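Asker: pasting the sequence and the predicted model now:
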Amino acid sequence: MSEPTRRPPSGAATLRADKTAAISEAVLDELAEQGYGRLSMEAVAKRAGVGKSALYRRWPSKQRMVIAVVSELSVALVEPPDTGSLRGDVLAGLRAVADWLTHPRFSRIMPDLIAEAQRDEELSQALARCIGEPRRARMAGALDRAVERGELPPDLDRELALDLLGGLVYWRVSARGAPLEPGYFERAADMALRALDARPRGA
């Protein structure tokens, strides 16, 4: 005899996916237009067409809401590179960083969040934990595979290598505001490979 279907307790809150999606869109729009410092739960609720209680049922604070929404899309924008070669993976990784930094919303959101994080240690740690570390972990897998294939030395300083790969595009796009002209990724990849002491596969 099959067990009867369990029903949620009477009055239990049900988080509707369509409402969550509307709130997430409102958070991103408010961040892009107003910035983190001026963003309010009231404004997000009004833009999403919900009451503030709908926000607090999902997140206990403004910071938790922002980090959850931004990290979900930020990490999703990075596909783990696995082209079969170190150069191919580095090219894919550089392009993924550029796509993120030039995203119509994130090109406005991330510089503001990074600036706020300089004044807010809790926000800084949350950004690192929920966005920085997952994105770095995906590229780290490509470096580990390159070591296994013999394309990188076993004593590779992985943390420094990740800083180098991410910093190349970040400095050009976010710090300098310089264009990514044709051939930039190939030149950046080749320079990175020389800096990482890369070697031909099987050499």
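Answerer: That came through fine.

Asker: list the contacts for the closest residue in space to Pro111 that isn't next to it in sequence?
Answerer: Using CB to CB, 6 or more residues apart in numbering and skipping residues adjacent in sequence, the residue nearest Pro111 is Ser174, 5.9 Å away. To be clear about C-beta, it is placed using only N, CA and C from the backbone, and glycine gets the same treatment. Listed by CB atoms under 8 Å, 6 or more residues apart in numbering, the contact set of Ser174 reads 101, 110-111.

Asker: for Ser174, give its distance to Leu94.
Answerer: Distance from Ser174 to Leu94, counting by CB to CB, to the nearest Å: 14 Å.

Asker: one more: Ser71?
Answerer: Taken as CB to CB, the span from Ser71 to Leu94 is 21 Å.

Asker: and those two? Which one has more around it.
Answerer: Per other CB atoms under 10 Å, whichever of Ser71 and Leu94 has more neighbours is Leu94, with 23 against 18.

Asker: contacts for stretch 144-154?
Answerer: By CB under 8 Å, 6+ apart, stretch 144-154 touches 82, 85-86, 89, 143, 156, 158, 196-203.

Asker: and the buried ones among those, selectable in PyMOL?
Answerer: Selection of buried members from the contacts of stretch 144-154 for PyMOL, criterion 16 or more other CB atoms under 10 Å:
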select buried, resi 86+89+143+156+196+198
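
Asker: I'd say Leu127 and Leu113 touch.
Answerer: Yes: look at Leu127 against Leu113 with CB atoms under 8 Å: they come within range, at 6.4 Å.

Asker: residue ranges with poor pLDDT in this structure?
Answerer: Residues of the chain that meet the criterion pLDDT under 70 lie in 1-14, 77-78, 80, 201-203.

Asker: what's the domain layout of it?
Answerer: Segmentation of the chain into domains, based on automatic domain parsing, reads 17-58, 72-195.

Asker: which helix or which strand is home to the residue lying closest to Lys52 once chain neighbours are set aside?
Answerer: The shortest distance from Lys52 to any non-neighbouring residue, by CB to CB, 6+ apart, is to Ala45 (4.7 Å). When elements are defined using DSSP states H and E, Ala45 is found to belong to helix 41-48.

Asker: buried stuff in the following helix or strand past that helix?
Answerer: Where DSSP H and E defines the elements, the next helix or strand beyond helix 41-48 is helix 52-56. Under the neighbour-count criterion of 16+ other CB under 10 Å, helix 52-56 has 54-55 buried.
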